[in-house]
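Visitor: Here's my sequence, what's the structure:
(chains A and B)
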Amino acid sequence: GAVVSQHPSWVICKSGTSVKIECRSLDFQATTMFWYRQFPKQSLMLMATSNEGSKATYEQGVEKDKFLINHASLTLSTLTVTSAHPEDSSFYICSAGRDTQYFGPGTRLTVL
Amino acid sequence: DAKTTQPTSMDCAEGRAANLPCNHSTISGNEYVYWYRQIHSQGPQYIIHGLKNNETNEMASLIITEDRKSSTLILPHATLRDTAVYYCIVNTRGANSKLTFGKGITLSVRP
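Guide: Just a heads-up that it's a prediction; the model follows:
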């Protein structure tokens, strides 16, 4: 199957700072990638669809100005959490795939 | 996308087969049945998918009923490492297919 990586695997930041999370497709090109968020004891919730060379599509209720997505190449999408607050602490996961979606290992964000 | 219903949890003994059911009565003709699992604090892992025929790979078998309204994921010889949340998702296939996750079923494998 396809391999998707994420970096960093965990990050701790102070409230008000911005954090960038990278998602890479290692052995295939991905024109589309997806970003999910998962709070403790809950299921994954789709945040946005990242489209290479064009604007991301955000799910209802997700603030596009707070969660900036850049898909500048066919193997890399980045999610930047701007002005992070403690309520943004969560597990962020990306996925990509040609026919079947494969998921990255996730990034644990803790905002103090 | 069609919705799925799964039991909340189940357990099985190590070494025995684990049969995880899923109902998807509103599945469309072009939608596949996908199974993923998520081990604590990791990203979901793809297990298997199928359209209408039964499928088997090195991880599991997928049995889909003839009317496609339900399916069963079978882990033939469950191990402690199979303890996870298992998600049954119906979706079209392709790079642009975003997945909608339900609550899944928590499988606990006991020694």
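
Visitor: Tell me the bridge partners for residue A:49.
Guide: residue A:34, residue A:57 (DSSP bridges).

Visitor: correct me, but it touches residue A:64?
Guide: No. The criterion here is C-beta atoms under 8 Å, and residue A:49 misses it with residue A:64 at 11.7 Å. Using the backbone N, CA and C atoms, a C-beta is placed for each residue, glycine as well.

Visitor: Just give me the neighbour total for the residue in chain A that chain B sits nearest to.
Guide: At 3.9 Å from chain B, residue A:103 is the closest residue in chain A, using C-beta to the nearest C-beta. Residue A:103 has 25 neighbours, counted by other C-beta atoms under 10 Å in any protein chain shown.

Visitor: and what of residue A:26?
Guide: Count around residue A:26 with other C-beta under 10 Å applied: 12.

Visitor: which secondary structure element contains the spatially most central residue of chain B?
Guide: Chain B has residue B:35 as the residue nearest its centroid, 3.3 Å off, counting by C-alpha atoms, centre = their mean. Using DSSP states H and E, residue B:35 maps to strand B:32-38.

Visitor: Residues contacting the helix or strand following that strand, please?
Guide: For strand B:32-38, the following helix or strand on the C-terminal side (DSSP H and E) is strand B:45-50. With contacts defined as C-beta atoms under 8 Å, 6 or more residues apart in numbering or on different chains, strand B:45-50 is touched by A:1, A:100-103, B:32-39, B:55-57, B:59-62, B:64, B:71, B:73, B:86, B:93.
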